[in-house]
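> Quick one, fold the following:
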Amino acid sequence: MRNRITYSLKRERHVAPVASAAATNFPTAVRQLIRRVENHSKQAEFAQCAKALAELVGLYEETADFKLIEKYATDLVNIALKKLKGGSSHRIASAALLSLGKAHIGRQEFDKAINVLEQYAKYYGRLETPEENRNVSYTSQFQLALAFLKRGEYKQDHFDVTCLQDFDTAYKKLIILQSSFDMGGASPQLRCDVYMNLGVSGGYIGKTEQALTCFQRSLKIALSQNFLESVANAYFNLSNLFRKAGDLTKAYEYLKKDLGINREMNNIEGCLRSQYEMALLLREMHDYDEAITVTNSFIDFAKTISDNESRDKGTAFLRVLEECISQTKRIRVLTDRLANHRRQRGGKREEFGILKDVASLRMSLEQFEAASKTTKRLK
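Numbering: from 1, shown residues only. As a prediction, this is how the structure comes out:
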């Protein structure tokens, strides 16, 4: 299962305050802002045009429409750099570049994202207040690390071995960011998010102990500050880490905690994801009866929210579990037959055939160690 990465430091500020998309008549607000942009542009009122564009970008960030964020953030960068002067132009351009870089990450245009975020990072020292400059320093490093981390995952999914270079780059950038904590100005949210992604990137490059420490630090901060989403993510990532290390019992314990937090937040998507991962993990643990119980709960929950895709996924997995149970029963039958065969001092040919069938069934159940032991008895 893929780790949960923190995408935002929750420290960025829009150029202009925007109302929540959920709290506005969204289509009307968009049409009004587009008209304002057009009118101010015709009248060469570029400061007002930039303000309207910033509000448009903010609205589309609320709905995660990366394509339109990219469009209007690009327009905003051009106006800030070509039409505006003074300190405000730097503030507007930097904020627009940040939005543009994040939109490229959202669209999996990672090379573009890295280029834009490197431009954004150059605004450190060019803004008016120490806090603004500090935010540029922190946020640019965090988002650049995120871009390398997500590009690494994309490469990994496409079997590109250079993914490790991107994971290593992400890890090093986050280490630098972590080292700046002692200089002050690092909020609890920043520390929590950096440790989270540091654990993810460290895990990818084999730094398991460091990843464990980072997830535990992130979890400690999240619990103390009641950052429930971060608490859930930490539990999920700890589960993934122990799963990779082969400690399936601990992995399952952390998944149950993840599910509990998602229920507390009423996070429907998170609850579904946690339940399904629990069922997968129980299958790995060969606890098929409990896996069926969890999968049925997953299906029932999906039905209550009319999520047909999840319901069908759960139903398909039930069939997989039923086949696992059938194959387990078949192994028991074959094992009993083998014992009877040996008591009756039967021939080696039939014993060989039984062992071969048992090994094949155990391989299909991913009981690799048991299958290996059975295979050795064939020699």
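
> Would you mind identifying the helix or strand in the chain with the lowest mean pLDDT?
The helix or strand of the chain with the lowest confidence, counting by mean pLDDT, DSSP states H and E, is helix 368-376 at a mean of 57.

> Next up, identify which helix or strand the nearest residue to L149 once chain neighbours are set aside is on.
Computed as Cβ to Cβ, 6 or more residues apart in numbering, the closest residue to L149 that is not its neighbour in sequence is A170, at 4.1 Å. For glycine as for every other residue, the C-beta is placed from the backbone atoms N, C-alpha and C. Under the criterion of DSSP states H and E, A170 resides in helix 163-179.

> Measure how far that helix is from the centre of its chain, please.
Relative to its parent chain, helix 163-179 has a centroid offset of 17 Å by Cα atoms, centre = their mean, to the nearest Å.

> cool, and stretch 228-247?
Taking the mean of its C-alpha atoms, stretch 228-247 sits 12 Å from the chain's own mean (Cα atoms, centre = their mean).

> ok, how many other residues are close to E131?
Using other Cβ atoms under 10 Å as the criterion, E131 is surrounded by 11 other residues.

> Look up which helix or strand it falls in, please.
Assigned by DSSP H and E, E131 falls in helix 130-157.

> tell me the angle of that helix relative to helix 163-179?
Interaxial angle, helix 130-157 versus helix 163-179 (axes from the mean of the first three to the mean of the last three Cα atoms, to 10 degrees): 160 degrees.

> Next, the buried residues of stretch 67-84.
Of all the residues in stretch 67-84, those buried under the rule 16 or more other Cβ atoms under 10 Å are 68-77, 79-80, 84.

> ok, now stretch 237-253?
Going by neighbour count (16+ other Cβ under 10 Å), the buried part of stretch 237-253 is N237, L238, S239, N240, L241, F242, R243, L248, A251, Y252.

> Just send those residues back as a markdown table, with distance to Y138, pLDDT and secondary structure too.
Putting the buried residues of stretch 237-253 into a markdown table (distance: Cβ to Cβ, whole Å; pLDDT from 0 to 100; DSSP: H, G, I helix; E, B strand; the rest coil) gives the following:
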| residue | distance to Y138 | pLDDT | secondary structure |
| --- | --- | --- | --- |
| N237 | 22 | 96 | helix |
| L238 | 25 | 97 | helix |
| S239 | 28 | 96 | helix |
| N240 | 26 | 94 | helix |
| L241 | 26 | 95 | helix |
| F242 | 30 | 95 | helix |
| R243 | 31 | 94 | helix |
| L248 | 37 | 96 | helix |
| A251 | 32 | 97 | helix |
| Y252 | 36 | 97 | helix |
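
> which one of the residues you listed is nearest Q216?
Set against Q216, the nearest of these by Cβ to Cβ is L238 (7.7 Å).

> who's in contact with the nearest residue to that closest one once chain neighbours are set aside?
Nearest residue to L238 in three dimensions, chain neighbours excluded: Y254, at 4.6 Å (Cβ to Cβ, 6+ apart). Y254 is in contact with Y235, F236, L238, S239, F242, counting by Cβ atoms under 8 Å, 6 or more residues apart in numbering.

> Just the element for Y254, please.
Assigned by DSSP H and E, Y254 falls in helix 248-264.

> That helix: what's the following helix or strand?
helix 268-284.

> Could I get the CA-only coordinates of whichever helix or strand comes after that next one as PDB?
With elements assigned by DSSP H and E, the helix or strand that comes after helix 268-284 is helix 288-304. Output of helix 288-304 as PDB, limited to C-alpha atoms (Å, rounded to 0.1, in the frame of the first residue of the first chain):
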ATOM      1  CA  TYR A 288      -9.300 -15.600   6.300                       C
ATOM      2  CA  ASP A 289     -12.400 -15.800   8.600                       C
ATOM      3  CA  GLU A 290     -11.600 -12.400  10.200                       C
ATOM      4  CA  ALA A 291     -10.700 -11.000   6.800                       C
ATOM      5  CA  ILE A 292     -14.200 -12.000   5.600                       C
ATOM      6  CA  THR A 293     -15.800 -10.300   8.600                       C
ATOM      7  CA  VAL A 294     -13.900  -7.000   7.900                       C
ATOM      8  CA  THR A 295     -14.600  -7.200   4.200                       C
ATOM      9  CA  ASN A 296     -18.400  -7.600   4.900                       C
ATOM     10  CA  SER A 297     -18.200  -4.500   7.100                       C
ATOM     11  CA  PHE A 298     -16.400  -2.700   4.300                       C
ATOM     12  CA  ILE A 299     -19.200  -3.800   1.800                       C
ATOM     13  CA  ASP A 300     -22.000  -2.800   4.300                       C
ATOM     14  CA  PHE A 301     -20.400   0.600   4.800                       C
ATOM     15  CA  ALA A 302     -20.000   1.100   1.000                       C
ATOM     16  CA  LYS A 303     -23.700   0.200   0.500                       C
ATOM     17  CA  THR A 304     -24.900   2.800   3.100                       C
END
